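Chemist: I'll drop the sequence and a predicted model, then ask my questions.
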Amino acid sequence: MPDRVRIVEVGPRDGLQNERAMVPTAAKIELVDRLSATGLQTIEATSFVSPKWVPQLADAAEVFAGITRRPGVSYPVLVPNLQGYERALAAGAREVAVFTAASEAFNLKNTNAGIDASLERFAPVLERARADGVRVRGYVSTVLGCPYQGEVPLADVVRVARALHAMGCYEVSLGDTIGVGTPMRARDMLRAVAAEVPMAALAVHFHDTWGQALANVLACLEEGVAVVDSAVAGAGGCPYARGASGNLASEDLVYMLHGMGLHTGVDLDRLADTGRWLAGLLGRETGSKAGRALAAG
Ligand code: HMG
Ligand code: MG
């Protein structure tokens, strides 16, 4: 078990990408700035994907230009291809994330490309990033199940994670896109990947569709993972993953970690305030139980 956990806050990207009503650019900027004031060190700020595919994040360049970059905080952005990388770099990004899946069917729906074709698309991105001194994170989606294909063989998860790491991704985030995993399966999946990719280069990313995210995180912490993705207010979901719902709520994650004596550097009260502010902005109750409990005092 690590004694310190780095949280990758994905609310401004994964949290917002599935919102139907357009969130104003100024509110997206405020969200990132509020999050960076909580002590979070990594905030995925937006996504330079095709605006035809994800209209909500069409303002990625404006958002990125508008945020106040705090020293010591990194602001990765999602890029699907070289075009996205170039847009991100022009906007000033210094860290990007590429994404593919362990399921061929899902990857086709999400990026209009098979897994191997997507890896080929990333090769020039990684090459350019290396030359530009830009760090690249990699995501593998559908690691515990796919909404189109159903079961996903562990060997496919391992293969794709290994490929991303071998290409030069400094960290590979393992995503349970539709939140179907349960703790022992999550542990076994992580163990299988960690046999091929160093644990220090792995992160976990659980959606909470079935209420399993926190339990899955605990099982993975026990395996030694020290980087966990989550979204403030439990916002989010992938528009191309049928049945996907929100991410693990960052507030609930921080509450659990601090309760276990693990350090995050995050101020839970500030984070919960931000979660309630975001929920208000989106016109719904926060998806974080800790956020609700703190509000009730
Ligand atoms: P495509 O339609 O096959 O792309 O989409 P294309 O290369 O044929 O281009 C079509 C048009 O899009 C062209 O414009 C391009 O210029 C434009 P047109 O000539 O028609 O006017 N285009 C772009 N514009 C701006 N930025 C770009 C870009 N690329 C092309 N980067 C593509 C292929 C990959 C682009 C598309 O499928 C796409 O953007 N998909 C993204 C879907 C997405 O964002 N999904 C959610 C993120 S993944 C996720 O949530 C999972 C994760 O959280 C982990 C987990 O939970 O498992 C990470
Ligand atoms: Mg996700």
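Modeler: Thanks, I have it. Ligands and ions are numbered 1, 2, ... in the order given.
Chemist: Let me see the residues that make contact with stretch 124-134.
Modeler: Under the criterion C-beta atoms under 8 Å, 6 or more residues apart in numbering, residues 79, 81-82, 85, 89, 93-96, 98, 135-136, 167-169 lie in contact with stretch 124-134. (C-beta placed from N, C-alpha, C; glycine too.)
Chemist: State the helix or strand in which the residue in the stretch 101-250 of the chain that ligand 1 sits nearest to lies.
Modeler: Closest residue of the stretch 101-250 of the chain to ligand 1, C-beta to the nearest ligand atom: Gly175 (2.5 Å). Using DSSP states H and E, the element containing Gly175 is strand 171-176.
Chemist: picking that back up, surely the residue of the stretch 101-250 of the chain closest to ligand 1 touches His205?
Modeler: Yes: assessed by C-beta atoms under 8 Å, Gly175 is found in contact with His205 at 4.1 Å.
Chemist: between the two, what contacts are shared?
Modeler: Shared contacts of Gly175 and His205, defined by C-beta under 8 Å, 6+ apart, are found at Tyr139, Asp229.
Chemist: Which one's more surrounded, those two?
Modeler: The neighbour comparison of Gly175 against His205 (other C-beta atoms under 10 Å) goes to Gly175, with 28 against 25.
Chemist: so what's that one up against?
Modeler: Tyr139, Val140, Ser141, Thr142, Val143, His205, Phe206, His207, Asp229.
Chemist: Recalculate using a threshold of 6 Å.
Modeler: Gly175 sits next to Tyr139, Ser141, Val143, His205 when contact means C-beta atoms under 6 Å, 6 or more residues apart in numbering.
Chemist: Can you get me a residue count around Gly133?
Modeler: Counted with other C-beta under 10 Å, the neighbours of Gly133 add up to 7.
Chemist: how close does it sit to Pro124?
Modeler: Noted for Gly133: a distance of 16 Å to Pro124, by C-beta to C-beta, to the nearest Å.
Chemist: what sits against Gln212?
Modeler: Counting by C-beta under 6 Å, 6+ apart, Gln212 touches Thr182.
Chemist: Phi and psi next, for it.
Modeler: phi -100, psi 0 (degrees, to the nearest 10).
Chemist: Local confidence estimate at it?
Modeler: On pLDDT, Gln212 comes in at 97.
Chemist: and Glu222, what element?
Modeler: helix 213-223.
Chemist: What is the next helix or strand after that helix packed up against?
Modeler: Later in the chain than helix 213-223, the nearest helix or strand by DSSP H and E is strand 227-230. In terms of contacts (3 or more C-beta pairs under 6 Å, 6 or more residues apart in numbering; DSSP states H and E), strand 227-230 is packed against strand 6-9, strand 202-206.
Chemist: hmm, back to that, okay, the residue of the stretch 101-250 of the chain closest to ligand 1: pLDDT?
Modeler: Reported pLDDT for Gly175: 98.
Chemist: how much space is there between it and Thr68?
Modeler: Taking C-beta to C-beta, one finds Gly175 at 29 Å from Thr68.
Chemist: how many neighbours does the residue lying closest to Leu248 once chain neighbours are set aside have?
Modeler: For Leu248, ignoring the flanking residues on the chain, the nearest one in space by C-beta to C-beta, 6 or more residues apart in numbering is Ala213 at 3.7 Å. Residues lying near Ala213 (other C-beta under 10 Å) number 27.
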